[in-house]
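Visitor: sharing a sequence plus its predicted fold:
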Amino acid sequence: MRPEILDKMNRFRERALAGGVPSAEVERWLEAARPCATLASSVDGPVVGHFGGPDLLPADAPRLPAGLNLIALLDLAALPDDATTLLLPPDGRLLFFARLHPDDLDASGRVMYVPAGTPLEERPGDDGHDRAELRLKHDFSLPDNEVLVDPVEHPHAKDLREAWSDVLYEDGHHRDRTHLQIDGYSRDSYGEDDPVTASAAMAAGRAGKPEGRRASPWARPGPGDWALLAQWYGGVLDFGGSRIGGDVFWTVARKDVQARCFDQVTVLGCFEGP
């Protein structure tokens, strides 16, 4: 295990124990840890893409709908295989697009996979966000939504989540410091529902099927389970003169990642109301 991962786990362990959580419960919580990649301009790792800038599309791609902007470009060849649990293509690029909706404090969007060797061209329009390098930090995440955890089985879940929030804040995971997370658990401002679980339920509803089981953080993910493809921390809406921060989530079934069916991605937003 990488030294920076061990250090972060130890800091979480120390905070949880100091908060009165029994050691056995702390170790059980850490068993649910999942690898993820944190991408930001402020970390020291290799460049794996960029954030924002003019919209980029293959030459034969149709024009983007109004309001849909490029949030990030990810160079898959630069992303190490062990950075996530997702079976991503070994090369090519992923383009993450989103549109923010002030009226209902939500978001929509899409993901486009561009095979290696396919040229991209800038498209005229609203540049959306300033371009900045995305550098890689090998990371991990822990459950941080109420619906993922049985309070009877984990009576100290609140204290464990608070300890985790303290560690994240210490590491600069503030919503006023934009960054992208690939894989791992989703996090939102409220910590109640889980966008990944919500996406799975929406997909089941569209297919006329029952929602099915809620994937446990302690179970090995299956091909049919939904996953967090990416989460953008730092989305901002202008709402009646107020700037409201929040997050955008791109979620997908793991089997669709392996099959490169990125048109099956669901995009959700979570913004704190005024």
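Guide: Received it, and whenever you're ready, just let me know what you need. Numbers count the residues shown, from 1 in each chain.

Visitor: can I assume I71 sits in a strand?
Guide: Yes - assigned with DSSP: H, G, I helix; E, B strand; the rest coil, I71 falls within a strand.

Visitor: any idea how many residues pack against it?
Guide: As a burial measure, I71 scores 27 neighbours (other Cβ atoms under 10 Å). To be clear about C-beta, it is placed using only N, CA and C from the backbone, and glycine gets the same treatment.

Visitor: tell me the contacts of it?
Guide: Counting by Cβ atoms under 8 Å, 6 or more residues apart in numbering, I71 touches F51, G52, F96, F97, A98, G109, G128, H129, L180, W232, V248.

Visitor: 10 Å - rerun?
Guide: Residues in contact with I71, defined by Cβ atoms under 10 Å, 6 or more residues apart in numbering, are 51-53, 95-100, 107, 109, 111, 128-129, 178, 180, 230, 232, 234-235, 248, 250.

Visitor: same question, A16
Guide: A16 neighbours (Cβ under 10 Å, 6+ apart): 22-23, 25-27, 29-30, 156, 159-164, 166-167.

Visitor: out of these, which end up buried?
Guide: The neighbour-count criterion (16 or more other Cβ atoms under 10 Å) marks E25, V26, W29, H156, D159, L160, R161, A163, W164, V167 among these as buried.

Visitor: for R11, give me phi and psi.
Guide: The phi/psi pair for R11 (degrees, to the nearest 10) reads phi -70, psi -40.

Visitor: the one 4 residues further on now?
Guide: Backbone dihedrals for R15, given as degrees, to the nearest 10, come out at phi -70, psi -40.

Visitor: please report how far it lies from L168.
Guide: 11 Å (Cβ to Cβ, to the nearest Å).

Visitor: quick one, strands of the stretch 51-200 of the chain?
Guide: Here the stretch 51-200 of the chain has its strands, by DSSP state E, counting those that start in this stretch, at 55-58, 69-75, 93-101, 106-114, 120-123, 132-141, 179-182.

Visitor: the residue lying closest to P65 once chain neighbours are set aside: how many residues sit nearby?
Guide: Excluding its sequence neighbours, the residue lying closest to P65 (Cβ to Cβ, 6 or more residues apart in numbering) is R99, at 7.5 Å. For R99, the neighbour count with other Cβ under 10 Å is 20.

Visitor: bridged to R99, which residues?
Guide: Under DSSP bridges, the beta-bridge partners of R99 are S108.

Visitor: okay, it: pLDDT?
Guide: pLDDT, R99: 89.

Visitor: in the helix or strand W250 falls within, what counts as buried?
Guide: Element membership for W250 (DSSP states H and E) is strand 242-253. Residues of strand 242-253 classed as buried: I244, G245, G246, D247, V248, F249, W250, T251, V252, A253 (neighbour count, 16+ other Cβ under 10 Å).

Visitor: for the stretch 101-250 of the chain, give me the ranges with low pLDDT.
Guide: 125-128, 174-177, 211-213, 235-243 (pLDDT under 70).

Visitor: show me what the strand holding W250 is packed against.
Guide: In terms of contacts (3 or more Cβ pairs under 10 Å, 6 or more residues apart in numbering; DSSP states H and E), strand 242-253 is packed against strand 69-75, strand 93-101, strand 106-114, strand 179-182, helix 195-206, strand 226-239, strand 266-271.

Visitor: of those, which is nearest R11?
Guide: strand 179-182 (18.5 Å; Cβ to Cβ).

Visitor: looking at the buried ones among the contacts of A16, which is nearest N145?
Guide: Using Cβ to Cβ, R161 is the member of the buried ones among the contacts of A16 that sits closest to N145, with 8.9 Å.
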